[in-house]
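Peer 1: here's my sequence, what's the structure:
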Amino acid sequence: MPRCEGRSLIVLVGPPGSGKTTWARKNGQGVVHVSQDDLIDAITPDGFDHIYRPIYRCAEDAIAGVALARGHTVIVDRTNRTRSHRERWLRIAAEASSPAIAVVMTASESLCRQRNADRMDSRRLTEERMDRMFTALQPVTADEGFAAIYQDDVSIDRILQELETKEYLHEHFHQTR
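Peer 2: The predicted structure is shown next:
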């Protein structure tokens, strides 16, 4: 059953192996899941290719924008490691008059690296790439414009319930329009 009453854009933030996809699958029943990895697999089955980066981005933007416009909650499952990466999602949420919520993954760097090493498919990153991901990771801050920031121990039901009941979220939401 769709969770339309608490429509929002939920932006997952964390390095590879931090549990973003697991969180999305655990919490994503009845919402639209925008997964960069899944879109890469669908668009270029042989794996990521830099020349297709604009196509991946347009596909993500289109899915999120249309789903929000149709009243659906959307989970964005990608690293969203920098403020500028997250600004894109804040803009899409504002265009749809929907609040954006950040969920920050809290897995340790060593656990993320172990999970990455255990991957058996094209989603495994090199250690050098993991180093670059961790170096680029910027913490989410209150001044970015998210209606709320949670850690990964939160459920989507709690997020949507608080979205419906906490007046400060509605006040912030109206300011972003």
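Peer 1: what's the neighbour count on the residue nearest to residue 44 when sequence neighbours are not counted?
Peer 2: In space, and not counting its chain neighbours, residue 44 is closest to residue 52: 5.4 Å by Cβ to Cβ, 6 or more residues apart in numbering. C-beta coordinates here come from the backbone N, C-alpha and C atoms, glycine included. Neighbour count for residue 52, taken as other Cβ atoms under 10 Å: 14.
Peer 1: residues contacting residue 14?
Peer 2: Neighbouring residues of residue 14 by Cβ atoms under 8 Å, 6 or more residues apart in numbering: 20, 79-80, 104-107, 112, 137, 152.
Peer 1: re earlier: can you read off the pLDDT for the residue nearest to residue 44?
Peer 2: Here the pLDDT value assigned to residue 52 is 82.
Peer 1: then residue 167?
Peer 2: 48.
Peer 1: where do the strands sit along the chain?
Peer 2: 9-13, 32-35, 74-77, 100-104, 148-151 (DSSP state E).
Peer 1: need those in a markdown table with mean neighbour count and distance to residue 126, can you?
Peer 2: Output for those, formatted as a markdown table (neighbours: other Cβ atoms under 10 Å; distance: least, Cβ to Cβ, whole Å):
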| stretch | mean neighbour count | distance to residue 126 |
| --- | --- | --- |
| strand 9-13 | 28 | 22 |
| strand 32-35 | 21 | 21 |
| strand 74-77 | 26 | 21 |
| strand 100-104 | 25 | 25 |
| strand 148-151 | 16 | 28 |
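Peer 1: quick one: which of these is nearest residue 123?
Peer 2: Closest approach to residue 123 among those is made by strand 32-35 (10.7 Å; Cβ to Cβ).
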